[in-house]
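Peer 1: requesting a structural model of the entry that follows:
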Amino acid sequence: MRKFSVGSRAFLLLGAMSALTAPQVAFAQDGAVTADGLEEIVVTARKREEKLQSAPLSIAAFSGDALEKAGIDDFSEIASRVPGFTLNPDNVSEPNIFLRGIGTDIESAASSAAIGFFLNDVYLPRASGTAIELFDLERVEIVRGPQGTLYGKNVVGGAINFITRKPTDEFRAGVEAGIGNYGSFDVKANVAGGIGEGLSGSLAASARRRDGFAFNSFTGNDVEDLSAFGVMGQLRYQAGNSLDILLSGDLTRRRGGGKWVDIQTPSTHNIPFVNPDPRRGPNNIDGKQDADLGGVHLSANWDTGSGTLTSISAYREGKFAALNNDAGSFIDFTRLVYDGNGRIDFFAIDRTQFNDDYFINNKMEKVESFSQEFRYRSDWDGAFNLLAGVYYQHEKVDRVEDSDYIFMRFFAQGREIAETRLKSDTWAAFLEGTYDFTDTLGLTAGIRYTKDSKRFSVDRETIGDFLGADFEDENGNFTRAFTASDKQSWDAWTPSVNLHWKPAEDIYLYALVSKGYKSGGWNGENATNPGEARASYNPEFAWNYEVGAKTTWLDNRLRFNATGFWTEYKDLQTQQFVIFDPNLPADNVIANAGKARVKGVEIETAVVPVDGLTLFANYTYMDAKITGDLISTELRFDFGCFCNIPVPTNLKGNVLRRSPENSFSIGGDLTVPLSSRFNGFVRADYNWTDDFFFDNENSPRTRQKSVGVLNGSIGIATEDDKWELRVWAKNLTNELYESGKSDVIGSVLVSYNPPRTYGATLRWKY
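Peer 2: Just a heads-up that it's a prediction; the model follows:
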């Protein structure tokens, strides 16, 4: 992996400050520009309103206006603009999300996500956070690091909160429409305002479609196409200044083709089957990536005079379906020879004329969730105030994984089915107090108790040849199907202490110690016997140590923030390939790495050198290592027996997967008056990520090379900003870079991020 000296990093930062023209990220992180310089964003990451520059946490906040100007429709586009954040949305039911080197790539109904997604403080279960349509948002907050005190729902790596624009008595409305390459078309509309005495409401909707980024020459259809629709309604009642009740409902419907898989590096056997074009070739199926999700939330805030009582009740549900040929292969079934039982006769065909493997992965998942939170935030005169609350969530997950496969090398044809069910209950109570020693020095300390109770069951069935080891029943006898169930509870105390000091008007310093926790689970989806299905893996814990400085200079025209962090993880949950039978492919199971450590530095800057011009530069350095034992197994040829044997390897000392050492984002925003009625603007951002590994084995074959992606727009707007026409482009240089990568039977299989897209958007707002 490429290394950067301290001097090189400093050069990158200095270059970033002087390059390009302004943000669609820092634009979001630092708000718009006012006559007085950079505008401050108000955030609620600590469940209280406070300015971003005085919040003692590492937060990236994106305003809704900035998201609109950047043309951001998917959360993946936000993640790509945050240094140190990697996201692979290849599978709509189980996206891989990593922040500060920690995240989730676990495929299991019983697993919990390390990165928590929230909508107006309501936890979004499973994959809902990355599938939800983004529109009519006030802002998006990305809080880095473990958040075990106030969030608590397994948030061991970070929290992302979507905050919608709340309706008021003031009327507002807007509509925008856009077209682009790949046949894309999108339209968004919103309206809000007063309805009656103390009553207001809002309605927003979004619809978009595009053709696919890849083409299946066998079916003649596009792959990776998308059609999405979303709607959100809010009804708000305000009784004076004491009572504020908000009822909201949202619905998202996504339909899309499967993720294209390319054989990037073939095995010797697969050389004839490599596609000349990485985004075009034959595949037996087009696949699909579908999601239907939504929910109803009721929140109430009552100002008692001495503080505010808050109640948040929510029900959410989601359905996800993903169908893909994960081998990226094409099998001409008309050329196969079958025996009397209708199965492939591998000895009657020339196996060199077919791909190594064919793997149709069909996954379906349904999730339902109910949550209730009560909390009280004091507003007392004096030096001490507190925030206290209780939380409950019930979650139900029903999941089916149906795999249909052919492995020519292993003379194997079969099908495996795993039906898994989970019911979980989470109870929590939290307390946080702040004491101001002086007007400039304060201490915030908190603690949360969380208990997770999970009930898990699995039905496993196999047809034909086994993909892994043979199935066994309770007595160790061979079987084709088995059932198993288990239930367990885990609990944890997660404290935090935060010392914050304001030595000058525009300087804010803090030091933070916090603990995060993620509950345990089971390996039922890949188990080969009831005992293995009932064997749980341990909870994951993290201690985070963080110091930060948030500073503003030059009459609010220069902002410089720096954060240093050191996080120690115990029993880190991670996905590993383990070989149970040398004659069969490896099984994918969940294991606990004894320990892991992530340390680094985050720097965020923004400057207004002259009126109308904003520049920004953000940089993250990260050193993420496995520091405890983690055993991985691979096949190696043994000349003693002229056969492959499984060889265990301890990955202690390896770099954690999806953890680039260096990443930065630079850009700017230039607005120039063209006349008394019109302004012209140019916006751009360049996001660069160092090379990293897609697996903990740190195989050079699964390394993604460093890549930089340029986005930009140019346009014209009326002086009152009611009308805007912009021409935009994303991935302007058409970089071909991976979103997923795996090494399977000697071939490296990859999926890719979107190619260059461009178009034009017309917007009107009142």
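Peer 1: just read off the phi/psi values of the residue of the chain positioned farthest from its centre.
Peer 2: Here the chain reaches farthest from its C-alpha mean at G340, the gap being 48.3 Å by Cα atoms, centre = their mean. G340 has phi and psi values of phi -70, psi -20 when expressed as degrees, to the nearest 10.
Peer 1: which residue is nearest the centroid of this structure?
Peer 2: Central residue of the chain (Cα atoms, centre = their mean): I97, at 3.7 Å.
Peer 1: which parts of this structure are helices?
Peer 2: 6-18, 26-29, 64-70, 75-79, 128-131, 530-534 (DSSP state H).
Peer 1: so how far is the fifth one off the chain centroid?
Peer 2: The one in question is helix 128-131. 8 Å (Cα atoms, centre = their mean, to the nearest Å).
Peer 1: mind saving the C-alpha coords of that helix as PDB?
Peer 2: Provided in PDB are the C-alpha atoms of helix 128-131 (Å, rounded to 0.1, in the frame of the first residue of the first chain):
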ATOM      1  CA  SER A 128     -33.500   1.000   5.100                       C
ATOM      2  CA  GLY A 129     -31.000   3.800   5.600                       C
ATOM      3  CA  THR A 130     -29.300   3.400   2.300                       C
ATOM      4  CA  ALA A 131     -32.500   2.600   0.300                       C
END
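Peer 1: just checking, what packs against that helix?
Peer 2: Judged by 3 or more Cβ pairs under 8 Å, 6 or more residues apart in numbering; DSSP states H and E, helix 128-131 is in contact with helix 75-79, strand 115-119, strand 288-303, strand 307-325. Where you see a C-beta, it was placed from the backbone N, CA and C, and this is true even at glycine.
Peer 1: surely Y621 is in contact with G600?
Peer 2: Yes: counting by Cβ atoms under 8 Å, G600 is a contact partner of Y621 at 5.1 Å.
Peer 1: and for A549, the neighbour number?
Peer 2: Look at A549: counted by other Cβ atoms under 10 Å, it has 13 neighbours.
Peer 1: now it: how far from I78?
Peer 2: Distance, A549 to I78, by Cβ to Cβ, to the nearest Å: 25 Å.
Peer 1: now swap in Y737 and tell me
Peer 2: Going from Y737 to I78 by Cβ to Cβ gives 18 Å.
Peer 1: who's more crowded, these two?
Peer 2: I78 (22 against 15).
Peer 1: contacts only, for that one.
Peer 2: 62, 67, 72, 140, 142 (Cβ atoms under 8 Å, 6 or more residues apart in numbering).
Peer 1: so N711 makes contact with I72?
Peer 2: No: the criterion here is Cβ under 8 Å, and N711 misses it with I72 at 9.7 Å.
Peer 1: tell me the contacts of the residue nearest to the centre of the chain?
Peer 2: By Cβ under 8 Å, 6+ apart, the neighbours of I97 are 79, 86-88, 103-104, 113-115, 130.
Peer 1: endpoints of stretch 726-746, how far apart?
Peer 2: 46 Å (Cα to Cα, to the nearest Å).
Peer 1: so what's the gap between that stretch and the chain middle?
Peer 2: That offset, for stretch 726-746, works out to 17 Å (Cα atoms, centre = their mean).
Peer 1: do the same with stretch 115-135
Peer 2: Stretch 115-135 sits 10 Å away from the centroid of its parent chain (Cα atoms, centre = their mean).
Peer 1: how about stretch 716-725?
Peer 2: 33 Å.
Peer 1: thinking again about what came up before, just send the contacts of I97 back as JSON lines, with neighbour count and pLDDT too.
Peer 2: Below are those laid out as JSON lines (neighbours: other Cβ atoms under 10 Å; pLDDT from 0 to 100):
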{"residue": "A79", "neighbour count": "22", "pLDDT": "89"}
{"residue": "T86", "neighbour count": "23", "pLDDT": "89"}
{"residue": "L87", "neighbour count": "24", "pLDDT": "85"}
{"residue": "N88", "neighbour count": "24", "pLDDT": "81"}
{"residue": "G103", "neighbour count": "26", "pLDDT": "84"}
{"residue": "T104", "neighbour count": "23", "pLDDT": "73"}
{"residue": "A113", "neighbour count": "24", "pLDDT": "86"}
{"residue": "A114", "neighbour count": "26", "pLDDT": "88"}
{"residue": "I115", "neighbour count": "26", "pLDDT": "90"}
{"residue": "T130", "neighbour count": "23", "pLDDT": "88"}
